[in-house]
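1. just need the structure, nothing else, for what follows:
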Amino acid sequence: MTVTILIPLYNEEESLRELIDAISAAMSPTGWAWEVLFINDGSTDGSLDILHELHGAWDNVEVISFGRNSGKAAGLAVGFAEARGDVVVTMDADLQDDPAEIPGMIRKLDEGYDLVSGWKKERHDPLSKRIPSKLFNGVTRMVSGLTLHDMNCGLKVYRKEVVKTIRVYGELHRYTPVLAHFAGFRVTETVVRHHARKFGQSKYGIERFARGGFDLLTVLFLRRYLTRPLHLFGMMGSVLFLGGFGIGIYLTIVKIMGGAIGRRPLLTLGILLIVVGVQFVSLGLLGEMIANLRSTGVTYPILEHLKPRGGNRG
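-> Here you go, the predicted model:
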């Protein structure tokens, strides 16, 4: 079995040397062939220099550097495409994820699972981060039907088939378990140790939880209506159109009976509902056309790609 450990990073120069040593200490006793794939997301500190150093010192280190910051989802998308291992592990570079957990999570795949997500049951994060996270996870469980406690944990283990199937873009990286679940893969979680941040500052602010709601809507839309957008927009458009049409019939009867309707707000509402209803149906038809013509090719601004110099180090 071969294992690819995928690490997207942005400005983590202090932790990289310690991280690779910890990974080696965890993986070397297993006897598995393993490699580390760093995705440098346009770091502006000394991270790139240290990655060059690690690439020169380790035969099984691969480095991909973006020319600008493109986000974690972009890093994972490129990493998933480049990963060669039978098993792909994702983790953060800030030393809050513990590499010692990796072998146990990989062995849990033998129980028939395709994705094992870490559960930071005891989190060493500020309260301002823990409370929104609990709310986010609760809402995601409710609407997705996937009963995981911690969707956001960076430490996850995937079978190769999962990372080659799901598409991650925008900011959908926080929903990879949901995407895998919707694709028919078996997903579970296991409790993992979580460490307090040792260096630097968190790259995530409160705004990411607001964006997370829109991302969840995106996931649900892709799940249910990706190949049939007219079913959604056509249904909404039909309801609006029929409401406006009903108002029009009512006002027509009033007019026939001699009533004045020219200055009634109901007339404006009826016309508005009809127009918006037609627009929604038209939007659904356009969506159907795009669904048939869409391209799955997405590119990211890779500045540098350093291939491994030798074989995997076991």
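2. use CA for all of it now, contacts and neighbours both
-> OK.
3. how about the strands in the stretch 51-200 of the chain?
-> Here the stretch 51-200 of the chain has its strands, by DSSP state E, counting those that start in this stretch, at 61-66, 87-90, 115-119, 156-159, 187-191.
4. now do the stretch 201-314 of the chain
-> Under DSSP E, counting those that start in this stretch, the stretch 201-314 of the chain gives strands at 302-306.
5. what's near enough to touch the residue nearest to residue 247 when sequence neighbours are not counted?
-> Nearest residue to residue 247 in three dimensions, chain neighbours excluded: residue 270, at 5.4 Å (Cα to Cα, 6 or more residues apart in numbering). Residue 270 makes contact with 243-248 under the criterion Cα atoms under 8 Å, 6 or more residues apart in numbering.
6. ok, of those, which come out buried?
-> Among those, those classed as buried by 16 or more other Cα atoms under 10 Å are 243-245, 247-248.
7. point out where the chain drops to low pLDDT.
-> 124-130, 132, 200-220, 222-227, 288, 291-301, 311-314 (pLDDT under 70).
8. hey, where'd the helices end up in it?
-> Assigned helices in the chain, in chain order: 16-27, 47-57, 72-82, 102-108, 127-144, 160-163, 176-182, 207-225, 229-256, 265-293 (criterion: DSSP state H).
9. so can I have CSV of those helices showing distance to residue 5?
-> Formatted as CSV, these follow (distance: least, Cα to Cα, whole Å):
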stretch, distance to residue 5
helix 16-27, 9
helix 47-57, 14
helix 72-82, 9
helix 102-108, 9
helix 127-144, 25
helix 160-163, 12
helix 176-182, 16
helix 207-225, 25
helix 229-256, 37
helix 265-293, 34
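10. of the ones you listed, give the one that comes closest to residue 190.
-> helix 102-108 (7.4 Å; Cα to Cα).
11. show me what that closest one is packed against.
-> Packing partners of helix 102-108 (3 or more Cα pairs under 8 Å, 6 or more residues apart in numbering; DSSP states H and E): helix 16-27, strand 115-119, strand 156-159.
12. what packs against the first one?
-> Okay, so that is helix 16-27. By 3+ Cα pairs under 8 Å, 6+ apart, helix 16-27 packs against helix 47-57, helix 102-108.
13. picking that back up, now the strands of the stretch 51-200 of the chain in TSV, with mean neighbour count and distance to residue 172?
-> Listed next are those as TSV, based on neighbours: other Cα atoms under 10 Å; distance: least, Cα to Cα, whole Å:
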stretch	mean neighbour count	distance to residue 172
strand 61-66	23	19
strand 87-90	26	15
strand 115-119	26	16
strand 156-159	26	15
strand 187-191	19	17
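14. now render those strands as TSV, adding distance to residue 101.
-> As requested, those are exported to TSV (distance: least, Cα to Cα, whole Å):
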stretch	distance to residue 101
strand 61-66	20
strand 87-90	11
strand 115-119	9
strand 156-159	10
strand 187-191	9
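15. of those strands, which is nearest residue 171?
-> Among the strands of the stretch 51-200 of the chain, strand 87-90 comes nearest to residue 171, with 15.7 Å by Cα to Cα.
16. the closest one packs against which elements?
-> Against strand 87-90 (3+ Cα pairs under 8 Å, 6+ apart) you get strand 2-9, strand 156-159, helix 160-163.
17. that strand pairs with which strands, and in what direction?
-> Strand pairing for strand 87-90, using DSSP bridges, gives strand 2-9 (parallel), strand 156-159 (antiparallel).
18. now render the helices and strands packed on strand 87-90 as TSV, adding distance to residue 59.
-> TSV is the format used below for the helices and strands packed on strand 87-90 (distance: least, Cα to Cα, whole Å):
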stretch	distance to residue 59
strand 2-9	13
strand 156-159	23
helix 160-163	22
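19. return the most buried member of these.
-> strand 156-159 (a mean of 26; mean count of other Cα atoms under 10 Å).
20. just the CA trace of it, in CSV.
-> Only the C-alpha atoms of strand 156-159 are listed here, as CSV (Å, rounded to 0.1, in the frame of the first residue of the first chain):
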residue,chain,number,x,y,z
LYS,A,156,-9.0,13.0,6.9
VAL,A,157,-8.1,9.7,5.2
TYR,A,158,-9.5,8.8,1.8
ARG,A,159,-9.4,5.9,-0.5
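21. list the contacts of that strand.
-> With contact meaning Cα under 8 Å, 6+ apart, strand 156-159 is reached by 86-91, 102, 105-106, 109, 114-118.
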